[in-house]
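K.L.:
Need the 3D shape of this:
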Amino acid sequence: MHRRTLLSAALVPIGTATGLYFLSSQTPPMEKTQGEFEITKTDEEWKEILTPEQFNVLRKHGTERAGTSILDKEYGKGQFVCAGCGLPLFVSETKFNSGTGWPSFNDPLPGAIDTSVDKSLFSTRTEVHCHRCGGHLGHVFEDGPKPTGLRYCMNGISMKFVSGS
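P.N.:
The predicted structure follows:
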């Protein structure tokens, strides 16, 4: 029993490090390839217009820490647009407080997003991307409010809020 406890304690840091690796560097397959998006840039070009944190999330499929985005508490009237290309993604009327620490919405604007299968972190999830530039926005889950029953759990750093739109 003592050996099992010791082994479990030793594996926790390894599992945590592995999870962090997948969070920051795993690039799942997308339905579109980079050249198929309306807006395409090299990594160097993206780095010129994005902060390092935005680049990691939008272009390298990273995840911001829960509770760190000011957009999680943004409930003004307006639109949430892609931080990479400015495409309107969600309107404030579809935002809700999911309690997850990330901005959550129950419905994107028509034609604003694409999805792909994400098999990182030892599970299968539906990843959400900007339709115009392919930037990673977050994931969608089937535990949201009516009428859609969906929760688009977005990285706030992937978006900008445009008031009054």
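K.L.:
ok, so what distance separates residue 45 from residue 121?
P.N.:
Residue 45 is 29 Å from residue 121, where distance means C-beta to C-beta, to the nearest Å. Quick note: C-beta positions are derived from backbone N, CA and C, even for glycine.
K.L.:
ah, wrong one, I meant residue 153
P.N.:
14 Å.
K.L.:
For these two, indicate the residue with more neighbours.
P.N.:
residue 153 (23 against 13; other C-beta atoms under 10 Å).
K.L.:
So the more buried one lies in a strand, does it not?
P.N.:
Yes - according to DSSP: H, G, I helix; E, B strand; the rest coil, residue 153 belongs to a strand.
K.L.:
Report the beta-bridge partner residues of it.
P.N.:
Counting by DSSP bridges, residue 153 is bridged to residue 104, residue 139.
K.L.:
Hmm, it is touching residue 102, no?
P.N.:
Yes - taking C-beta atoms under 8 Å as the definition, residue 153 is a contact partner of residue 102 at 5.0 Å.
K.L.:
Find residues that contact each of these two.
P.N.:
residue 138 (C-beta atoms under 8 Å, 6 or more residues apart in numbering).
K.L.:
Confidence-wise, which helix or strand of this protein is lowest on average?
P.N.:
Of the helices and strands making up the chain, the lowest-confidence element is helix 2-25, at a mean of 37, by mean pLDDT, DSSP states H and E.
K.L.:
Next secondary structure after it?
P.N.:
helix 43-49 (DSSP states H and E).
K.L.:
Give me the packing partners of the following helix or strand past that next one, helices and strands only.
P.N.:
Later in the chain than helix 43-49, the nearest helix or strand by DSSP H and E is helix 52-58. Contacts defined by 3 or more C-beta pairs under 8 Å, 6 or more residues apart in numbering; DSSP states H and E place helix 52-58 against helix 43-49, strand 136-141.
K.L.:
Can you pull up the most central residue in the protein?
P.N.:
Geometric centre of the chain, nearest residue: residue 138, 1.9 Å, by C-alpha atoms, centre = their mean.
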